[in-house]
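**Q** Quick one, what's the 3D model for this:
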Amino acid sequence: MDTQKHIAQKSATLDDIASLAGVSRMAVSVVLNGSRSGTRVSQATRQHILDIAKKLNYRPNSLARSLARRATHIFGFYSGFDYFDARNPFIAELTAGLLEECARSKRDLLLHTLFRGQNISGLYDEMLSGKIDGLIIWSPDDDPLVTLLRDSHLPVVSVVESIPPFPSVGVAEHSGSYQLGQYLYDQGHRSILYLTLNSPSKSRLRRLEGMRELAVERGMEFQIQADPTWEEWSKSLSKSNSPNSRPTAIACWNDIAAYQALSYCRRSGLNTPKDIAIVGFDGIKSPIELDMRLTTVRAPWAQVASTAVTYLVDLLEGKEVPTETKLPVELILGDTT
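**A** Residues are numbered from 1 along each chain as shown. Presented below is the predicted three-dimensional model:
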């Protein structure tokens, strides 16, 4: 009888997988159970172990695993985007929500980032080394680390972005942006310039699609500029253009971009909201005092983060959590429309 078939007929063990893979039992335990160890496993070996475990229909013994790796009471947070600046109001809001709920559930928070000389495989090994009990991620779904995490047994919850098969917590970005577009239409605007970034973020795309859907339904002119240059700004917004040839409103993918647009319009001699209206998205309080309140959509990002922590606690306790959660948003009227 074929060795793999014979093993599959019984309950496969770590020793069985180690024997077939030609590696140590500890290496198998690191890959499949997240055991604490100084053992480092290459990505090729990791995939070889995972392939054999899948063929043998290996299922970890949750009780034995919990006894083998004591809970650390530490959650990890990882951002797969190119920036992580705690001074950024959006990131500060997320981090505040994570810390608040971690404290409430008596957990510490460990931030994971890629530093010089470290690769994805090394970061993945660190996450599964037993230092953390679970992980919260904010990342595009094509992140190489996400691919590895999908094949791991580490509990993971995604924030902002929806990344199957992990549970995710975000906000109703499409409907919020649609509502914002409807407000602009009701205010008499028929031409919108939408400012966004070239980015793999699905959440950013949902904001764009919500506004564009409304514009198409209402027959509005809708222009999109991604990462606009000063020259593109000048061409679209120059005061020398007739009012009929300029957009009457600028919709920005977030509040920071909206404040930048407000500053540029002022430097160009355009009055807001008389000459052009400006709206944002996020509704996070500006870290500096401003003379105008922005019309925006308020999203409860701190609540998003705290909800993700509660879901992670639930997963560790063997409870079911929703596959996707979208928290409601609120239209906030300011002085810029």
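
**Q** center of this structure, which residue is that?
**A** The residue lying closest to the centre of the chain (Cα atoms, centre = their mean) is residue 138, at 3.1 Å.

**Q** Show me the shaky parts of the chain.
**A** Within the chain, the set of residues satisfying pLDDT under 70 comprises 1-11, 33-39, 59-70, 82-83, 114-118, 200, 229-245, 286-289.

**Q** Where do the strands of it begin and end?
**A** Secondary structure of the chain, counting by DSSP state E: strands at 74-79, 108-112, 134-138, 156-159, 168-171, 191-196, 221-226, 249-252, 277-279, 296-298, 324-327, 330-332.

**Q** got the end-to-end distance for stretch 32-43?
**A** 13 Å (Cα to Cα, to the nearest Å).

**Q** cool, and stretch 315-324?
**A** 14 Å.

**Q** How far does it sit from its chain's centre?
**A** In terms of Cα atoms, centre = their mean, to the nearest Å, the centre of stretch 315-324 is set 19 Å apart from its chain centre.

**Q** And for stretch 151-162?
**A** 10 Å.

**Q** That stretch: end-to-end distance?
**A** 17 Å.

**Q** Please point out which parts of it sit buried.
**A** 152, 154, 155, 156, 157, 158, 159, 160, 161, 162 (16 or more other Cβ atoms under 10 Å). Backbone N, C-alpha and C define where each C-beta goes, glycine included.

**Q** How about stretch 18-33, which residues are buried there?
**A** Applying 16+ other Cβ under 10 Å to stretch 18-33 flags 18, 20, 21, 23, 27, 28, 29, 30, 31, 32, 33 as buried.

**Q** With stretch 169-186 instead?
**A** Buried-residue list, stretch 169-186, by 16+ other Cβ under 10 Å: 169-174, 176-185.

**Q** Please apply the same query to stretch 314-326.
**A** Quick answer for stretch 314-326 (16+ other Cβ under 10 Å): 314, 315, 316, 321, 325, 326.

**Q** Closest one of the buried residues of stretch 169-186 to residue 130?
**A** When these are compared for distance to residue 130 (Cβ to Cβ), residue 169 wins out at 25.4 Å.

**Q** Double-check residue 337 against residue 183; I have them as touching.
**A** Yes. Between residue 337 and residue 183 there is a contact under Cβ atoms under 8 Å: 7.5 Å.

**Q** shared neighbours of those two, anything?
**A** Common contacts of residue 337 and residue 183 (Cβ atoms under 8 Å, 6 or more residues apart in numbering): 279, 295.
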